[in-house]
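Novice: Any chance you could fold what I've pasted below:
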Amino acid sequence: QVQLVESGGGLVQPGGSLRLSCAASGFTFSSYAMSWVRQGPGKGLEWVSDINSGGGSTSYADSMRSRFTISRDNAKNTLYLQMNSLKPEDTAVYYCAKSSSWQIPSDLEVWGQGTQVTVSS
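Specialist: Numbering: from 1, shown residues only. Alright, predicted model coming up:
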């Protein structure tokens, strides 16, 4: 069964950094594109970033392009999101999601349980 488990969230001061991880199991991780999506308090879902199956193609939401970096280690079945220069408006639950295809963009078909990121002084 497909399982995605996020970790690495927490409380960080404005301007700080965090690296989120998403451990994947139950499918051939290297064959599928992956995504990060977030949901802020009282807000809807917001797409953050995509990465294709091989890791050679990525895309970002405009507000995060210069601060966030998505990556993956197919040998470890793990997806990452490096977040720098964090702002209070980045406060959200961050979800990783498995795509339905190797390429980006594609439909998201399985989601993790999420990890909370809080940016506050």
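Novice: ok, the closest residue to N77 other than its chain neighbours to D50 distance?
Specialist: Spatial nearest neighbour of N77, excluding adjacent residues (CB to CB, 6 or more residues apart in numbering): F29 at 4.2 Å. (Each C-beta comes from the backbone N, C-alpha and C, glycine too.) Computed with CB to CB, to the nearest Å, the distance linking F29 and D50 is 15 Å.
Novice: Please apply the same query to S30.
Specialist: 16 Å.
Novice: so what secondary structure elements neighbour the worst-scoring helix or strand of the chain on mean pLDDT?
Specialist: Scoring the helices and strands of the chain by mean pLDDT, DSSP states H and E places strand 108-111 at the bottom, with a mean of 94. Packing partners of strand 108-111 (3 or more CB pairs under 8 Å, 6 or more residues apart in numbering; DSSP states H and E): strand 34-39, strand 92-99.
Novice: in the last one, what counts as buried?
Specialist: Buried residues in strand 92-99, counted by 16 or more other CB atoms under 10 Å: 92-99.
Novice: what does the shortest one give?
Specialist: By neighbour count, and taking 16+ other CB under 10 Å as the criterion, the buried residues in strand 34-39 are 34-38.
Novice: Report the beta-bridge partners for the residue nearest to the spatial centre of the chain.
Specialist: The chain has W36 as the residue nearest its centroid, 2.8 Å off, counting by CA atoms, centre = their mean. Beta bridges link W36 to S49, C96, judged by DSSP bridges.
Novice: residue ranges for the helices of the protein, please.
Specialist: Counting by DSSP state H, the chain has no helices to list.
Novice: Strands along that one, start to end?
Specialist: Assigned by DSSP state E, the chain shows strands spanning 3-7, 10-12, 18-25, 34-39, 45-51, 58-60, 68-73, 78-83, 92-99, 108-111, 115-119.
Novice: could you measure Q1 against G26, distance?
Specialist: Using CB to CB, we find Q1 at a distance of 5 Å from G26.
Novice: Show the backbone phi and psi for the residue lying closest to V117 once chain neighbours are set aside.
Specialist: Closest residue in space to V117, ignoring its immediate chain neighbours: G9 at 4.7 Å, by CB to CB, 6+ apart. Torsion angles at G9 (phi, psi; degrees, to the nearest 10) stand at phi -70, psi 170.
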